[in-house]
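Undergrad: My questions concern the predicted model and sequence given below.
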Amino acid sequence: MHHSIEIDDLSFSYPDSHQALHNVSLSIKPNEKVALVGPNGAGKSTLILHLNGILAGQGSVCVAGLPVIKENLGKVRARVGLVFQSPDDQLFSPTVYDDVAFGPRYQGFPEDKVRLLVDEALATVSMGDYAERVSHHLSMGEKKRIAIATVLSMKPEVLVLDEPTAGLDPRARRSLINLLRDLPLTMLVSTHDMHMVSELFPRMVIMDVGRVVADGATLDLMEDEELLTAHGLERP
């Protein structure tokens, strides 16, 4: 049985020589839901971008049993749904339907199969009535749901989200948390929303200055005020 995510001794430096990741190792089991927390600049987003090959550092990254290497990128990106912090980075088509259909069309599915995948993805995020709407006219909460639908239409094994609750009002945030709770997928979520972490994620990984500094049960780590304070985090 493969791990859903297996990162071994991963280091990465940006072209300006800033080293963003130092020897990071992390394993996540199938259907595990894990929160990735830490201050700005900790390396969380850099780490996430390695999971579908947008960035490539030294070390090894495997997702859904596939090494993340150039030859596998098409397959990897179908199995790892990456949802960016800003949904506008993900929504660019004339209609919601076209945005959600983009991945399956790109994979070459016939249009009747594409329609089934789109309908199912929109139903999963409770946006079935929005297919003909224009993404840019939607609220932030609605856009975030559509952005999630654009990756669900690819039937991923792993869902990776960057700051999913950022910019949401309380009602939209609550409904997004309920949606994430109900998705039967392996999940790695980078977030500053410690209330969501304590409610939704049994396991928490703390990063700081490009390193994993703690990895364990959320309940236990949340009790360690000294650890949280040392890494710019607050107990909810």
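TA: Arrived safely.
Undergrad: any idea of the mean pLDDT for stretch 8-19?
TA: Per-residue pLDDT over stretch 8-19 has a mean of 94.
Undergrad: Can you give the distance from it to the centre of its chain?
TA: Relative to its chain's centre, stretch 8-19 lies at 21 Å (CA atoms, centre = their mean, to the nearest Å).
Undergrad: quick one, phi/psi of residue 54?
TA: phi -70, psi -40 (degrees, to the nearest 10).
Undergrad: likewise residue 149?
TA: According to degrees, to the nearest 10, residue 149 has phi -60, psi -30.
Undergrad: Would you confirm that it contacts residue 124?
TA: Yes: contact criterion CB atoms under 8 Å: residue 149 and residue 124 qualify, at 7.0 Å. For every residue, glycine as well, the C-beta is placed using N, CA and C.
Undergrad: From the rest of the structure, what touches the helix-or-strand element of the chain with minimal mean pLDDT?
TA: Sorting the helices and strands of the chain by mean pLDDT, DSSP states H and E puts helix 73-79 at the bottom, at a mean of 90. Outside of helix 73-79, the residues within contact range by CB atoms under 8 Å, 6 or more residues apart in numbering are 52-53, 63-64, 66, 68, 103, 107, 154-158.
Undergrad: Can you identify each of the strands in this structure by residue range?
TA: In the chain, the strands defined using DSSP state E lie at 5-13, 19-28, 33-37, 58-63, 66-67, 80-83, 158-162, 186-190, 203-208, 211-217.
Undergrad: quick one: contacts for the residue lying closest to residue 166 once chain neighbours are set aside?
TA: Counting by CB to CB, 6 or more residues apart in numbering, residue 166 lies nearest to residue 85, which is 5.7 Å off, once chain neighbours are set aside. Counting by CB under 8 Å, 6+ apart, residue 85 touches 45, 162, 163, 164, 166.
Undergrad: Check the gap between the second one and residue 151 for me.
TA: Okay, so that is residue 162. Residue 162 sits 12 Å away from residue 151, going by CB to CB, to the nearest Å.
Undergrad: what's the overlap in contacts for these two?
TA: 82, 83.
Undergrad: which regions of this structure sit below the pLDDT cut-off?
TA: Low-confidence segments of the chain (pLDDT under 70): 1.
Undergrad: if you set the cut-off to 90 instead, what comes out?
TA: Applying pLDDT under 90 to the chain flags residues 1-3, 17, 74, 77-78, 89, 106-107, 135-137, 236.
Undergrad: Please report phi then psi for the residue nearest to residue 173 when sequence neighbours are not counted.
TA: Nearest non-adjacent residue to residue 173, counting by CB to CB, 6+ apart: residue 165, 4.8 Å away. Dihedral pair for residue 165: phi -100, psi 0, per degrees, to the nearest 10.
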